[in-house]
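Visitor: I'd like to go over a predicted model; first the sequence, then the structure.
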Number of protein chains: 2
Amino acid sequence: MLDLQFLGTSAGIPTKSRNVTALAVGQTANKPWLLIDCGEATQQQLLHTHWSANTLSAICITHVHGDHCYGLPGMLASAGLNKRTQPLTIIAPLPLWQWLEHTIALTDLFLSFELQFVDVTTLLEERFYVDDFEISAVALSHRVPSYAYKIRHRREVRQLDRDALFAHGLPAGPLWGMLQNGQDVYYEGRNYPASLYLEQHEQRVCALIGGDNDSPSLLQAACDGVQVLVHEATYTQDIADKVGAFPMHSSAKQTAEFAYQAAIPNLVLTHFSARYGDAQALEPLLAEAKRYYHGHVHLAEDFAQYRLLPSGEFQPLTTRDA
Amino acid sequence: MLDLQFLGTSAGIPTKSRNVTALAVGQTANKPWLLIDCGEATQQQLLHTHWSANTLSAICITHVHGDHCYGLPGMLASAGLNKRTQPLTIIAPLPLWQWLEHTIALTDLFLSFELQFVDVTTLLEERFYVDDFEISAVALSHRVPSYAYKIRHRREVRQLDRDALFAHGLPAGPLWGMLQNGQDVYYEGRNYPASLYLEQHEQRVCALIGGDNDSPSLLQAACDGVQVLVHEATYTQDIADKVGAFPMHSSAKQTAEFAYQAAIPNLVLTHFSARYGDAQALEPLLAEAKRYYHGHVHLAEDFAQYRLLPSGEFQPLTTRDA
C-alpha cells in the first residue's frame, strides 16, 4: 500500500489555491516516506498534513527549475532546527547539489543531520534502496535535464491463519501476538509453531512520477509493472499549440495518449498552468484526457490524497475526483 | 503616509499561523513599495494582499539566514514569469548576492528584468534613494552580519486653498483640477494664479526596521526622527535566559527597554519563537513589553497592517492589537 498526497500542483508560479510542485509518497503516518520535488513553501504545505520531516527517507528532485526545488533549503533548515539526526538522502541532478552546497555555505545553514547525495543519472542504470523503497530514474525531455522517478514499495506482510487458530483451539489474545512475532506457542499441552500459523507474503506497489517533460513516450521502457502514472499536463492541446514548443511541456492529450497506449491503469495529471484558475477551469483538461485515455484518470489538487493498493486499485482519499 | 503589512512573523521556522519573516512597506495599491526580508513563501503570502511584485521598488534583506531570504529566488522567478520589465534593486549583505548569482546560474533562472545590487554596508554611510524612499542601514549584532533599515518616505503634497477659491468665486470642477495641476486659470475676467491657490508641502514619515539582533541599543544613533520601530522580540526574558546567549536574539524586555529610553513613540514586536503557538500564547510578551515601555506597542501578526501618518500617528488597519 502506498499513499500519494499532492502538496503542489501549479506550473511555474503558485496561485491562491495551488502551490508549486511537490508530492509526498509513502505509507501512513510515522512511516518512512519520499518527497518528490520540493517547490517553494512545501514545508508550509506539510504543516497541514500528517507527513513529518523527521520520518522522511529521501527527497527526489526531478529537475533544477525553481518551482520544483526552491523549497529545499527551507525544508532542510527547519528539519535542522527541529533537531533531526537521521541522515537524509537527496536524489537530484548534480547542479541541484552544487546549489545546495553554495546555499549551505553562503546562508549560514546549519544542519543537525547528514545529507547523502545521489546523482539521479546513476539511477538510470542502477536501483537505489532506502527503507522499503526501490527507486530508479528515467531521462525525460525538457529545457534542462529532467527525470521521472519509478518507485516500487515492498513490504513483508505476516498474517495469522485465524481460521486454523480458532479451529485448533488457541484463544485470541497475547498468545496470538507471540505467533505474530514469529514465536512458537505451547498452550494446554499442545504446540502451535509460528511457521504453521503465520503466512508471510510480499506486498508490492509501483508508481511512476514524471518531472517536466514534453515527450511522455520516453517513459515507455519503464512502464513494466507501473500501476499509476503521475505526469504533467500543463495545458490543453489548443493552448499548447498557441504557446508553442519552447516551454517543453506536455498537453493533457499527449499524456493521455501515452498512458493509453502504454496500458497504464491509473493516471493523475498535475502541474497545471496558472492560466487555469480553479478546478472548474480545468475541466477541459479532464475532458481532453478522457477522449484519449480510458483508464482511471484524476486531476491532482493541492492536498488531494490517493491510496495505491497491491491489487492495483487506486483510491482517492480526500478530494473530489473524476 | 506609509503602510506596513507583516507577511511573516515567525522566527526560524514557519508555523500554521505565522510564516517566516517579510514586511511590505509602502503607500497604497499600485504605488512603489519596499519588501524588507523575503522568507520562504513570501510570494505565496503576497497573493493574499494588494501588493504586487510589478510595482516593487526594492527588496532589502537584513541578513542571510534562510528564514529571511529563502523566498527571494521564487519571488524573482515569478516576477520574471509575470514579465516584469522594470529593474529591481536588491539591498543585502554581499553573500546574499553571491547566493543569488549561483542560484540564477545553477537553477536556469531566467529574469525578464535587471537586478541592481546594493551592498548594504554602503548604506551605513550613504543614503540610497529609490522612488520616494530614502534608505539607510544600521549594523546590528547577530550570528551573521545583520542590519536594520531606516526608511524615510517623502511625498510632495499639493493642496488647493479651497476656502480662498470659494471666497474668490471660482466654482469647483475642472478649473480646480487645472489649478491642482499647477496651471493658472482665467475665469470671468479674473486671473487665478496656481501659485496663489496651491499650497505645496512635503509629507515625511520615518520607520526603522530591525533585522535579527541581540543588542537593540545599537540602533540608538539612528533613532532621530523615527516614528515607529519594528524589532524582533523572539522570546520573553525568562525563556531567553533559559535558551542562553547563543542564538543572539532579543527578548521583549530588551527591545521594550531600548524603545523606552530612545523615546520611540510606536513599537511593533515581531519574529516570535515558534514555541509561542497562537496569539494567546504571546500575551506574556506583550505584558513584558508593557512593563518596560509606555508608548504604543503592538505584537505583529501575519497580514496585520498599520498606517503611519506624517503626524506620527500609527494606526492598526486590519487586525486585533494591543
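Guide: Arrived safely, thanks for sending.

Visitor: which residues touch the biggest helix by length in chain A?
Guide: In chain A, with assignment by DSSP state H, the single longest helix is helix A:94-106. Outside helix A:94-106, the residues that touch it by Cβ atoms under 8 Å, 6 or more residues apart in numbering or on different chains are A:61, A:64, A:69, A:72-73, A:76, A:90, A:109, A:111, A:115, A:117, A:119, A:121, B:64, B:95-96, B:98-99, B:102-103, B:106-107. For the C-beta atoms, the positions are set from N, CA and C on the backbone; glycine is no exception.

Visitor: one more pass at 6 Å, please.
Guide: Contacts to helix A:94-106, defined as Cβ atoms under 6 Å, 6 or more residues apart in numbering or on different chains, come from residues A:61, A:64, A:69, A:73, A:117, A:119, B:95, B:98-99, B:102, B:106.

Visitor: how big is the angle separating it from helix B:94-106?
Guide: Angle of helix A:94-106 versus helix B:94-106, following axes from the mean of the first three to the mean of the last three Cα atoms, to 10 degrees, is 180 degrees.

Visitor: chain center to helix A:94-106: distance?
Guide: Offset of helix A:94-106 from its chain centre (Cα atoms, centre = their mean, to the nearest Å): 24 Å.

Visitor: can you list the buried residues in that helix?
Guide: For helix A:94-106, the neighbour count (16 or more other Cβ atoms under 10 Å in any protein chain shown) marks A:95-97, A:99-100, A:102-104, A:106 as buried.

Visitor: ok, now stretch A:73-84?
Guide: By neighbour count with 16+ other Cβ under 10 Å, stretch A:73-84 contains the buried residues A:73-81, A:84.

Visitor: look up phi and psi at the nearest residue to A:Ala262 once chain neighbours are set aside.
Guide: Spatial nearest neighbour of A:Ala262, chain neighbours left out: A:Cys223 (4.5 Å); criterion: Cβ to Cβ, 6 or more residues apart in numbering or on different chains. When read as degrees, to the nearest 10, the backbone of A:Cys223 gives phi -80, psi -10.

Visitor: and A:Cys223, how far from A:Arg154?
Guide: From A:Cys223 across to A:Arg154, the span is 19 Å (Cβ to Cβ, to the nearest Å).

Visitor: between these two, point out the one with more neighbours.
Guide: A:Cys223 (18 against 14; other Cβ atoms under 10 Å in any protein chain shown).

Visitor: do you know how far the more buried one is from chain B?
Guide: Look at A:Cys223 and chain B: by Cβ to the nearest Cβ, to the nearest Å, they are 28 Å apart.

Visitor: next: A:Ala167.
Guide: Computed as Cβ to the nearest Cβ, the A:Ala167 to chain B distance reads 52 Å.

Visitor: burial count for that residue?
Guide: Residue crowding around A:Ala167 was assessed by other Cβ under 10 Å; the count is 9.

Visitor: do you know the pLDDT at it?
Guide: With respect to pLDDT, A:Ala167 has a value of 93.

Visitor: how about the one 5 residues further on?
Guide: On the pLDDT scale, A:Ala172 is placed at 91.

Visitor: now the one 4 residues further on
Guide: A:Trp176 is assigned a predicted lDDT (pLDDT) of 94.

Visitor: phi, psi for it please.
Guide: Given degrees, to the nearest 10, the pair of backbone angles that A:Trp176 has is phi -60, psi -40.

Visitor: what sits against it?
Guide: With Cβ under 6 Å, 6+ apart, A:Trp176 has no contacts at all.

Visitor: what's the most distant pair in the contacts of helix A:94-106?
Guide: Longest distance between any two of those is 26.7 Å, between A:Asp119 and B:Pro95; criterion Cβ to Cβ.

Visitor: before we move on, back to that, for the longest helix of chain A, give the mean pLDDT please.
Guide: Summarised as a single mean, pLDDT over helix A:94-106 is 98.

Visitor: separation between the closest residue to A:Trp51 other than its chain neighbours and chain B?
Guide: Distances taken as Cβ to Cβ, 6+ apart place A:Ala24 nearest to A:Trp51, at 4.8 Å, with adjacent residues excluded. Separation of A:Ala24 from chain B (Cβ to the nearest Cβ) stands at 17 Å.

Visitor: and the residue nearest to A:Ser141 when sequence neighbours are not counted, how close does it get to chain B?
Guide: What sits nearest to A:Ser141 in space, not counting adjacent residues and going by Cβ to Cβ, 6+ apart, is A:Ser215, at 4.3 Å. According to Cβ to the nearest Cβ, A:Ser215 and chain B sit 19 Å apart.

Visitor: near A:Ser215, how many other residues are there?
Guide: A:Ser215 is flanked by 13 other residues according to other Cβ under 10 Å.

Visitor: any idea how far A:Trp99 lies from A:Ala172?
Guide: Remark: distance between A:Trp99 and A:Ala172 (Cβ to Cβ) = 56 Å.

Visitor: same check, this time on A:Pro284
Guide: Look at A:Pro284 and A:Ala172: by Cβ to Cβ, they are 55 Å apart.

Visitor: more neighbours, the two?
Guide: Between A:Pro284 and A:Ala172, counted using other Cβ under 10 Å, the more crowded position is A:Pro284 (16 against 11).
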